[in-house]
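[1] Sequence plus predicted model, see below.
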Amino acid sequence: MGWRLWWWQKIRRTDIPPELRERFEYYGETLLTLASQTEPNPNMLGVELAGLSRMKREEISSWLRERRDIAAQHEDRLETVEWAILIFVAVGVVLDVVHLLIGR
């Protein structure tokens, strides 16, 4: 795993039409994951989602990968902020101790 610009997860964007992306976002990650992992059953998923799963399985898989990458990048950014706060607090404490020792 090499160093990227920072160390954040790179998002692998999916090239799908905006109307299909909107439908995927309407159903959400959980339902689309369920629909893509099982044989589409209209009784369980609903007719539209089962048909979507049957005809657009590759696009669903790519979109779910994109969503996982976005979540991973979000986590990377939060970790970066946490480390920055920790470093600033540690530097502040060290400077306060130095000021106390010098007597200023």
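    Looks like it arrived, so ask away.

[2] so where's the protein shaky on pLDDT?
    1-9, 104 (pLDDT under 70).

[3] Please repeat the previous calculation with a cut-off of 80.
    Applying pLDDT under 80 to the chain flags residues 1-11, 37-45, 104.

[4] So for it, which residue is the most central one in space?
    A71 (1.2 Å; C-alpha atoms, centre = their mean).

[5] host element of that one?
    Assigned by DSSP states H and E, A71 belongs to helix 57-102.

[6] what packs against that helix?
    Contacts defined by 3 or more C-beta pairs under 8 Å, 6 or more residues apart in numbering; DSSP states H and E place helix 57-102 against helix 18-37. For glycine as for every other residue, the C-beta is placed from the backbone atoms N, C-alpha and C.

[7] Now find how far off-centre the helix it packs on is within its chain.
    The chain centre lies 15 Å from the centre of helix 18-37; the measure is C-alpha atoms, centre = their mean, to the nearest Å.

[8] and the angle from the helix holding A71 to helix 18-37?
    For helix 57-102 against helix 18-37, the angle by axes from the mean of the first three to the mean of the last three C-alpha atoms, to 10 degrees is 90 degrees.

[9] Apart from its chain neighbours, what residue comes closest to R12?
    Closest residue to R12 apart from its sequence neighbours, by C-beta to C-beta, 6 or more residues apart in numbering: D69 at 5.5 Å.

[10] contacting residues around S62?
    By C-beta atoms under 8 Å, 6 or more residues apart in numbering, the contact set of S62 is T14, I16.

[11] Recalculate using a threshold of 6 Å.
    Residues near S62 by C-beta atoms under 6 Å, 6 or more residues apart in numbering: T14.

[12] Tell me how far it lies from T30.
    17 Å (C-beta to C-beta, to the nearest Å).

[13] How about R23?
    Taken as C-beta to C-beta, the span from R23 to T30 is 15 Å.

[14] that older thread, how much space between the residue nearest to the centre of the chain and L32?
    Distance, A71 to L32, using C-beta to C-beta: 14 Å.

[15] Please apply the same query to S61.
    9 Å.
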